[in-house]
Each structure stands twice: as structure tokens, then as C-alpha cells.
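missing the sequence, but the structure's below:
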């Protein structure tokens, strides 16, 4: 998709150097991907302790066992 936007040239230059990219398009692509990853990590961290996500060792082991059982049923069916 083509989009016309005004971006601060100095900021783009800094981003290109930091990312090691040679084009503005590549720089913007990487910046958007990194932004999305950052926000998802922040949202994931926010779930810790909320009982929505159980990050205790025992909870993770239970989750792994349940996933393994579920997948083994799929493979044998």
C-alpha cells in the first residue's frame, strides 16, 4: 500500500543508522514491526498476576502437559 506522509528527515536518518537499513521503506517497515512487538510485550507483561495468565512454574508445567496431551491426540487420530 502506498501512503504519503511527512516524516522528520533527521529522525528517519537516525532510525536508518540504528536499524542498519539503506531505504526509508525498509526503515519504516522495521520500525512498525518493532513497535508492534513492543506493545504486545507490554500487554503480555500487564497480564502477569491478573489470573488471566498464569506464569508460575507449576502453571507453565501444567500448561505444557495439557498441550502435549492435546497434540498427541491429534497425531494419533
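That came through, no problem. Since the structure is predicted, the reported quantities are computational estimates derived from the model, not experimental observations.

so what's the residue count around residue 9?
Residue 9 has 9 neighbouring residues, counting by other C-beta atoms under 10 Å. Using the backbone N, CA and C atoms, a C-beta is placed for each residue, glycine as well.

local confidence estimate at it?
We have a pLDDT of 96 for residue 9.

ranking helices and strands of the chain by mean pLDDT, which lands last?
With mean pLDDT, DSSP states H and E as the measure, the helix or strand of the chain carrying the lowest mean pLDDT is helix 57-76 (a mean of 69).

for the chain, which segments count as helices?
9-19, 24-47, 57-76 (DSSP state H).

tell me which residue is most central in this structure.
Against the mean C-alpha coordinate of the chain, by C-alpha atoms, centre = their mean, the closest residue is residue 37 at 3.0 Å.

now that one: how far from residue 65?
Distance check for residue 37 against residue 65: by C-beta to C-beta, to the nearest Å, it reads 29 Å.

any idea how far residue 59 is from residue 40?
Taking C-beta to C-beta as the measure, residue 40 falls 20 Å from residue 59.

meant to ask about residue 22, not that
45 Å.

can you check residue 39 too?
For residue 39, the distance to residue 59 - C-beta to C-beta - is 24 Å.

over to residue 7?
Between residue 7 and residue 59 the distance is 44 Å, computed by C-beta to C-beta.

then residue 23?
From residue 23 over to residue 59 (counting by C-beta to C-beta), the distance is 44 Å.

out of the helices of the chain, which is closest to residue 2?
Of all those, it is helix 24-47 that lies closest to residue 2, at 10.2 Å by C-beta to C-beta.

the closest one packs against which elements?
Applying 3 or more C-beta pairs under 8 Å, 6 or more residues apart in numbering; DSSP states H and E, we find helix 24-47 packed against helix 9-19.

tell me the angle the helix it packs on makes with helix 24-47.
Counting by axes from the mean of the first three to the mean of the last three C-alpha atoms, to 10 degrees, helix 9-19 points 70 degrees away from the direction of helix 24-47.

and helix 9-19, what other elements does it pack with?
With contacts defined as 3+ C-beta pairs under 8 Å, 6+ apart, helix 9-19 has these neighbours: helix 24-47.

mean confidence for the helix it packs on?
Rounded mean pLDDT across helix 24-47 is 89.
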